[in-house]
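> Sequence first, then the predicted structure, then my questions.
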Amino acid sequence: MKELDDITTSYAILSHRWGAEVSYEEMIGVMKMEEEEREEVRQRHGYQKIIKSCEQAKKDGYKWLWIDTCCIDKRNSSELSEAINSMYRWYQNAQVCYAYFNDVGESTFPTKRDNSKFDKSNGWPEWFVRGWTLQELIAPKQVEFFSKNWVRIGDKQSSAWELEEITGIPCDVLTNGLAAQRLSVAQIMSWAANRKTTRVEDRAYSLMGLLGVNMPMLYGEGKKAFQRLQLEIIRVSSDHSIFAWGPWMWQTDSVLAKDPSDFRGCGTIRRLEPVEFVDILRRKYIEGEGLDDIDSRARRQHKLAALRGALDSHQFHTLTVSNAGIQVFLPIVSSHDSPFHLRAILACTRNGDLVTIALVSSRGSFARISMIDSPLPATYPDFKTLRLIHHRDSNETRHEIVLEDELVSCHGFTRCHTYPGEFTGNTVTPLSLVVADDLIVIVYANHNARRRFAIGLGYSLGREWVHVVDDGDFLIRKEEDCWKFGRRVYNTISKARVKHAQIMPKHDACRNELFIKRAHLPRSAWVARVVWGRQLAGNFKVIVDVRQCPGCCNESHGWAAASTVLAMPKLMATASGSYLLKLDGRPTKLSKCIGQRFALGDYGDYSRGKLVRTGNIFEDMPATGIDFDDSYRSAIYSVSGSELGRRLDWVKSQDVLAVEQKPKRTEYLALHHPMAISLPVNEHVSLLLRALSTRLAGKYLVTTVIQCLDFYTVDKDGKQWNSDDYWALNDGDYSIGTGILTPLCAISYPHVWSIDPLCKQRQKRFKSIRRNFYMLMDMPSHNSDMRQKRNRAIEFFSDLFGLKHLKNYIGDIAFFKRLPPMMETSSVSDLPSVGATEENGLRVRLLTVSRFNSVMRY
């Protein structure tokens, strides 16, 4: 091995997919190794690859061959950094590059995608999906391809058209190099979008030569390497296409892409010269918008001159990078819907159309947000100096939205799509809640019932907001899939994001408040409900649920405090308890088990501090069709008393006791070896509570029981006190096994079991039904005024049941045609026959007024 100059030396170079390779250290020391160790090195596939490539180079008349595996001393960080920064030049100056395909056994170049053979590399040899091989394909003037048996199967020049199909790299670039076309940064990035590297940093480092930049290697920095690469490009180039990645990508704050994958689909982006830019701006955004009819010719010419002057300025051609952001000078079009939003027009095109990016102003800087699918306003673009955010302060407070929507499945709804981006799990992270205005739409659908709705989570005017939208046109728009529906909702509510932010209820920073909103799903018996609130950690919780509608509501209700209306599943209201213990450090109210023994999952009626057991949720599981499994097994928590109780001298000497002072009393309850058994907090238990909600509406539930070996009341000196409360405690049966007692339990009210208050619209409708029914039953018909009232009552019921509409299809309905004379009889035997009703042997029996009252009274 010898170090030579790559400019004056004639040499060959190897491009390959790494496997079991031979390092520099092993290569220079192979002859000094023990025989067994030396033989192991020689048997490696990497060693055989070195031998074969050397033989090929010698056969082609070259004295020198460079191979990255054994020609770089990776123990030396400076040498490694120099090699990576020089790699593109070394491949470019090589007389020939041998590209070795270790997964191609045939003697011909693969020209068709074969997913069965190359299933892990998109249907092509793995060499084409590796990050480093991109520059190794483009940089050398001559590239020859070899199969795994070292049979020559083609070269870059003769296979250029096939290589363009495989890699997306234009044929001209493959045959003549990067100088063959005026390439944009986005174009070059797009070639690496689908490539992979073993180290995440190498996705950036492998592109340095192609993009003409150098920077130090910092392995361990992760995805920050790609951010550094983009900043280095901006420092040496004024190419705006670096901001043109993924126009529909979901991005928070930064105008820089996260990795090369964000440039997928950017292969047609072309950078523009200032003259071209002015011409397209004039045609697309001035004359093309019909502004000739708005402004005078002189004003238009003045505007065009101003555009040309701006594009010729030094300011337009200079991009400045600092820790405060990236300063650029761009034409912008402001939004009519929000004073904070605008679109910046970049000096590049995609398929002939100018590329724009959506920005939002925050604290003097601009962050990138997802594009709104709406045309640009018909206005002249104005040039403006913008400071674009390119990083997030590590000390900045971050907030997240925790989404709980598991219980929508109880009525057959599922989370079917999110727009504009996807996320997994229940944590929504795109909302920075600090510097960016952002929005995500989540679509829920019941495809069997053909009903769906969407939830919008957004951040505007320095505050988060939530909005629920039903799809009343789902039946009409059945050809519209969930993605299109999500996009339609996104475009609609994004225009009113300021309004949605303004109507959100104000949050008390000192209280853990919850607010609720609901929207009726048209032509269904369901209502979508959303609970929103801030958690103690500063994050926000949004809970989505679907329930049977308590009334005939046709519009969305406003926000209301959850303390005055039904809250949501997974929320429990704990009944008042006389004791406050800490379960795993969490304060929990507990009640005395008076008069009976309680088990975990018991439910019943609760009044004046006493629960009367009527059943157990686990005993009721078979009736719901839910099988018991490990998901329902109880959770065990440690028990501790108050700080005051632990400071008592006699407690310190008997650490097996957990003592809690009773409120406003001088006596204590001593628990000997206490242990808390609680219901697990998970989706399975929540679904079980929901399944039982209809039958157990209004019931209370035992969610925790305290087990101990013994308990008694004591005074502050540790003396046992046989108080009235002590004997009251011992009136019950607390034993659940030999020597185990259950003196305390936590009683909670599952909000999913609460009874929805009847909506005012429905109460009004029932009142009308009751009044008109009485009118039919009681009023005599001999008076003309009374007869008119009876006719109006009959008209009311006809409208209620849609009889006029049905009459157009099935003619007169016999029952309601004979209704007036039927109202005048009180005996079933006196009723006249009513068409098919009598033929089927059926009789119409009217409820008496007294019996009807029991049904209709609200």
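Perfect, I can see it now. Numbering: from 1, shown residues only.

> From what I see, Gly641 and Pro587 are in contact.
No. Applying C-beta atoms under 8 Å, one finds Gly641 not in contact with Pro587, separated by 11.1 Å. In this view, the C-beta of every residue, glycine as well, is placed from N, C-alpha and C.

> These two - which one has more neighbours?
Remark: of Gly641 and Pro587, Gly641 carries more neighbours, 23 against 9, as counted by other C-beta atoms under 10 Å.

> Which neighbours do Gly641 and Pro587 have in common?
Leu581 (C-beta atoms under 8 Å, 6 or more residues apart in numbering).

> and the closest residue to Glu404 other than its chain neighbours, how many neighbours?
Of all residues not flanking Glu404 in the chain, Ile543 sits nearest, at 4.6 Å (C-beta to C-beta, 6 or more residues apart in numbering). Counted with other C-beta under 10 Å, residues neighbouring Ile543 total 23.

> Now do the SS call for Ile543.
Put simply, Ile543 is strand when judged by DSSP: H, G, I helix; E, B strand; the rest coil.

> Show the pLDDT at it.
Listed pLDDT for Ile543 reads 84.

> Kindly report the same for the one 10 residues further on.
According to the model's per-residue confidence, Cys553 sits at a pLDDT of 52.

> One more: Ile233?
96.

> which stretches of the stretch 501-650 of the chain have low pLDDT?
Scanning the stretch 501-650 of the chain for pLDDT under 70 picks out 507-513, 535-538, 550-557, 562-573, 594-596, 642-650.

> quick one: the strands in it?
514-520, 526-534, 540-548, 560-561, 572-574, 579-583, 586-592, 602-607, 610-616, 635-637, 639-640 (DSSP state E, counting those that start in this stretch).

> circling back: check the gap between the residue nearest to Glu404 and His751 for me.
10 Å (C-beta to C-beta, to the nearest Å).

> Counting neighbours, which bits of the lengthiest helix in the chain end up buried?
In the chain, taking DSSP state H as the definition, the longest helix is helix 760-778. By 16 or more other C-beta atoms under 10 Å, the buried positions in helix 760-778 come out as Arg770, Asn772, Phe773, Met775, Leu776, Met777.

> Need the mean per-residue confidence for that helix.
pLDDT averaged over helix 760-778 gives 74.

> ok now it, how far from the chain's centre?
47 Å (C-alpha atoms, centre = their mean, to the nearest Å).

> Just the helices from the stretch 551-700 of the chain, written as ranges.
Taking DSSP state H, counting those that start in this stretch as the criterion, the stretch 551-700 of the chain contains helices spanning 621-624, 643-646, 649-652, 683-691.

> Make sure I have this right: Ile442 is in a strand.
Yes. Applying three-state DSSP, one finds Ile442 inside a strand.

> about what we covered before: in the sheet, who's paired with the residue nearest to Glu404?
Glu404, Val531 (DSSP bridges).

> how close does it get to Val408?
Taken as C-beta to C-beta, the span from Ile543 to Val408 is 10 Å.

> Adding distance to Arg42, write the strands of the stretch 501-650 of the chain out as TSV.
TSV is the format used below for these (distance: least, C-beta to C-beta, whole Å):
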stretch	distance to Arg42
strand 514-520	71
strand 526-534	66
strand 540-548	62
strand 560-561	78
strand 572-574	70
strand 579-583	65
strand 586-592	64
strand 602-607	75
strand 610-616	73
strand 635-637	59
strand 639-640	67
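
> Between the ones you listed, which one is closest to Val321.
Closest of these to Val321 is strand 540-548, at 33.5 Å (criterion: C-beta to C-beta).

> That closest one: which residues count as buried?
Phe540, Lys541, Val542, Ile543, Val544, Asp545, Val546, Arg547.

> next one: that strand to chain centre, how far?
15 Å.

> That one to helix 683-691, inter-axis angle?
Counting by axes from the mean of the first three to the mean of the last three C-alpha atoms, to 10 degrees, strand 540-548 points 40 degrees away from the direction of helix 683-691.

> by contact count, what packs against strand 540-548?
For strand 540-548, the packing partners by 3 or more C-beta pairs under 8 Å, 6 or more residues apart in numbering; DSSP states H and E come out as strand 401-404, strand 438-446, strand 451-460, strand 526-534.

> of the strands of the stretch 501-650 of the chain, which approaches Thr320 most closely?
Thr320 lies closest, by C-beta to C-beta, to one member of those: strand 540-548, at 36.0 Å.

> Tell me who's in contact with Gly168.
Counting by C-beta under 8 Å, 6+ apart, Gly168 makes contact with Ser190, Trp191, Gly267.

> hmm, back to that, will you turn the helices and strands packed on strand 540-548 into TSV that also has mean neighbour count and distance to Arg300?
As requested, those are exported to TSV (neighbours: other C-beta atoms under 10 Å; distance: least, C-beta to C-beta, whole Å):
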stretch	mean neighbour count	distance to Arg300
strand 401-404	19	47
strand 438-446	24	35
strand 451-460	25	35
strand 526-534	23	49
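
> could those strands go into CSV alongside distance to Ser10?
Listed next are those as CSV, based on distance: least, C-beta to C-beta, whole Å:
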stretch, distance to Ser10
strand 401-404, 62
strand 438-446, 56
strand 451-460, 61
strand 526-534, 70
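
> Which one of these lies nearest to Glu136?
That would be, of the helices and strands packed on strand 540-548 and by C-beta to C-beta, strand 438-446, which comes in at 39.6 Å.

> Is Met775 in contact with Arg787, as I believe?
No. Using C-beta under 8 Å as the test, Met775 is too far from Arg787 to be in contact (10.9 Å).

> mind listing what the residue lying closest to Lys2 once chain neighbours are set aside touches?
Ranked by C-beta to C-beta, 6+ apart and with sequence neighbours excluded, the top spatial neighbour of Lys2 is Trp64, at 7.8 Å. Trp64 makes contact with Lys2, Leu4, Thr9, Ser10, Tyr11, Ala12, Ala57 under the criterion C-beta under 8 Å, 6+ apart.
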